[in-house]
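Engineer: mind looking at a prediction? Sequence and model below.
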Amino acid sequence: MDLSSPLRSLAPGLDSAVLEVLCRTEGGLNAVQIARLSARGTRVGQRPVLERLVEHGLVIADRANTGFLYRLNRDHVLAPAVLTAATARREVLDRLTSACRRLDPRVVHASVFGSLARREGGPTSDIDLLLVAVGGVDQHGDDWESQMRRLDNDVLAWTGNRLQALTFTERRFTQLITAGEPLIATWSADAVTLIGPQPAALVARLAGRTS
């Protein structure tokens, strides 16, 4: 799916840009406000989109002093599908969190980084996952690799995107921090934490063990 705009996977045109804005509020917005808040399109380009969505009843146009105020018709039978698609990124993160909690040995930190974290990913983007596991994990062992393959298959079924998972023990991750490995800076700059401490707190705690 389009990781930056999941709704765009269902509505590739400007419809998704308009609907994403209207999904975030229950109040009415005029066309200028919608264009300003949307990720794509202009007021002129979005005008026929709004007219079509109003025609289909998915958007309500309330007359105002200077034109119309538009709002999502949350009673429409298609509204739940639109709202679900608009919040699909959060659903993916929630499912990943639940899956990471079931890993054995347990992980002390799990986070996504890269394009999904930055809301820049497209339908062909990988989902980057970083795991810091307790010392007993053998990330190259059959059991752990089997769990990672299962998680990759789950993510592919959920989204159509592949999973790229990096697993480190606390000891190995501490070594990377101490060595100034560029990966640490890249990861911590945009990571979205699923389990455990935030990146800065994790780095500080592990780095403190070596000082």
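Structural biologist: Good, I have the coordinates.
Engineer: per-domain residue ranges of the chain.
Structural biologist: What the record gives for the chain is the domain set 6-85, 89-210, from automatic domain parsing.
Engineer: distance between the shortest one and the chain's centre?
Structural biologist: Just to be clear, that refers to domain 6-85. Remark: domain 6-85 is offset 21 Å from the chain centroid, using C-alpha atoms, centre = their mean, to the nearest Å.
Engineer: for the residue sitting furthest away from the middle of the chain, give its distance to residue 30.
Structural biologist: In the chain, counting by C-alpha atoms, centre = their mean, residue 65 sits farthest out from the average C-alpha position, at 38.2 Å. As judged by C-beta to C-beta, to the nearest Å, residue 65 and residue 30 stand 10 Å apart. Heads up, the C-betas are built off the backbone N, CA and C, glycines and all.
Engineer: got the domains of the chain as TSV, with mean pLDDT columns?
Structural biologist: Output for those, formatted as TSV (pLDDT from 0 to 100):
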stretch	mean pLDDT
domain 6-85	95
domain 89-210	94
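Engineer: run through who's touching stretch 172-188.
Structural biologist: Stretch 172-188 has contacts (C-beta atoms under 8 Å, 6 or more residues apart in numbering) with 111, 113, 130, 132, 168, 199-200, 203, 206-207, 209-210.
Engineer: mind doing that once more with 10 Å?
Structural biologist: 108-109, 111-114, 117, 128, 130-133, 135, 139, 166-169, 198-200, 202-211 (C-beta atoms under 10 Å, 6 or more residues apart in numbering).
Engineer: state which helix of the protein is the longest.
Structural biologist: As assigned by DSSP state H, the longest helix anywhere in the chain is helix 142-159.
Engineer: number of residues surrounding residue 36?
Structural biologist: Neighbours of residue 36 under the rule other C-beta atoms under 10 Å: 12.
Engineer: that one reaches residue 17, doesn't it?
Structural biologist: No: using C-beta atoms under 10 Å, residue 36 makes no contact with residue 17, being 11.6 Å away.
Engineer: this structure: strands as residue ranges?
Structural biologist: In the chain, the strands defined using DSSP state E lie at 59-64, 67-72, 107-113, 127-133, 163-169, 192-195.
Engineer: for the fifth one, name the packing helices and strands.
Structural biologist: Using 3 or more C-beta pairs under 10 Å, 6 or more residues apart in numbering; DSSP states H and E as the contact criterion, the elements in contact with strand 163-169 are helix 88-101, strand 107-113, strand 127-133, helix 142-159, helix 170-179, helix 182-190.
Engineer: can you put these in TSV and add distance to residue 61?
Structural biologist: Shown next, in TSV, are the helices and strands packed on strand 163-169 (distance: least, C-beta to C-beta, whole Å):
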stretch	distance to residue 61
helix 88-101	27
strand 107-113	38
strand 127-133	38
helix 142-159	34
helix 170-179	54
helix 182-190	38
